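Student: pasting a predicted model and its sequence here:
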Amino acid sequence: MHKVCSMMAMAAIVMLATVTASAEVTSGPQVGDSVGAFTVTKVAGNPDDGFAVGRSGCYRCKTGSKPVVMVFARSADEKLAKLLKKIEEEVEEHQSEKLMSFVNMIGADAESLKKAAEEFASKNGLSRIAFVVPEDAKDGPADFKIAPDADVTVVCYKEGKVKANHAFAKGGLSDDKIDAVVKASCALVE
């Protein structure tokens, strides 16, 4: 009996490790990669970035060599709101270092994404982070390799080079993971 319990406990540990590992996925440009240009339409947020709501163009180009926290999100839920509120606090705190952030809402229907992004930004009081919808709305720019199973992909870059990457499957964005992303965004301005 004792041996059976041990085997069941070991199986539970293996299963738990598998579930935990599956929360993070590989998605988006990786550390050391360059962040290329891509076309988006701005739908909400950051009124001071010189990129008007409704304008299409390269927001990545607009950020130049500044430190940037770029997010690709498939769902606008409470965990994403919590993450973005913390990132917005960092953007506010590090204005002198020109820290910026923008969120690319991705999914099947660009028009629905635009409306949902605008409502999400307004509902959550997010004003220093720009919300955009990429021209390639389904999965973002093809050369960015945003994984279809990644619900949230966060790419921290400076001078066009990726310094940190965090990607999470649906439900994988925990408080600890949010703290790790915020820490990576702070490292951009150190």
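Tutor: Perfect, I can see it now. Residues are numbered from 1 along each chain as shown.

Student: low-scoring pLDDT stretches of this protein, where are they?
Tutor: Applying pLDDT under 70 to the chain picks out residues 1-23.

Student: so which residue is smack in the middle of it?
Tutor: Nearest to the mean C-alpha position of the chain, by CA atoms, centre = their mean, lies Val71 at 2.4 Å.

Student: what's the closest non-adjacent residue to Ile106?
Tutor: Nearest residue to Ile106 in three dimensions, chain neighbours excluded: Gly140, at 5.1 Å (CB to CB, 6 or more residues apart in numbering). All C-beta spots, glycine's among them, are computed from the backbone N, C-alpha and C.

Student: quick one: that neighbour from Ala37, how far?
Tutor: Note on Gly140: its distance to Ala37, by CB to CB, to the nearest Å, is 13 Å.

Student: list the contacts for the residue nearest to Ile106?
Tutor: Residues near Gly140 by CB atoms under 8 Å, 6 or more residues apart in numbering: Gly28, Phe38, Phe72, Asn104, Ile106, Pro134, Ile146.

Student: ok, the residues you listed vs Ser96, which is closest?
Tutor: Nearest to Ser96 among the contacts of Gly140: Asn104, at 25.9 Å, using CB to CB.

Student: the closest one is in what secondary structure piece?
Tutor: strand 100-105 (DSSP states H and E).

Student: got the contact list for that strand?
Tutor: 40, 43, 45-46, 49, 59, 63, 66-74, 76, 84, 87-88, 91, 113-114, 116-117, 120, 128-134, 137, 140, 185.
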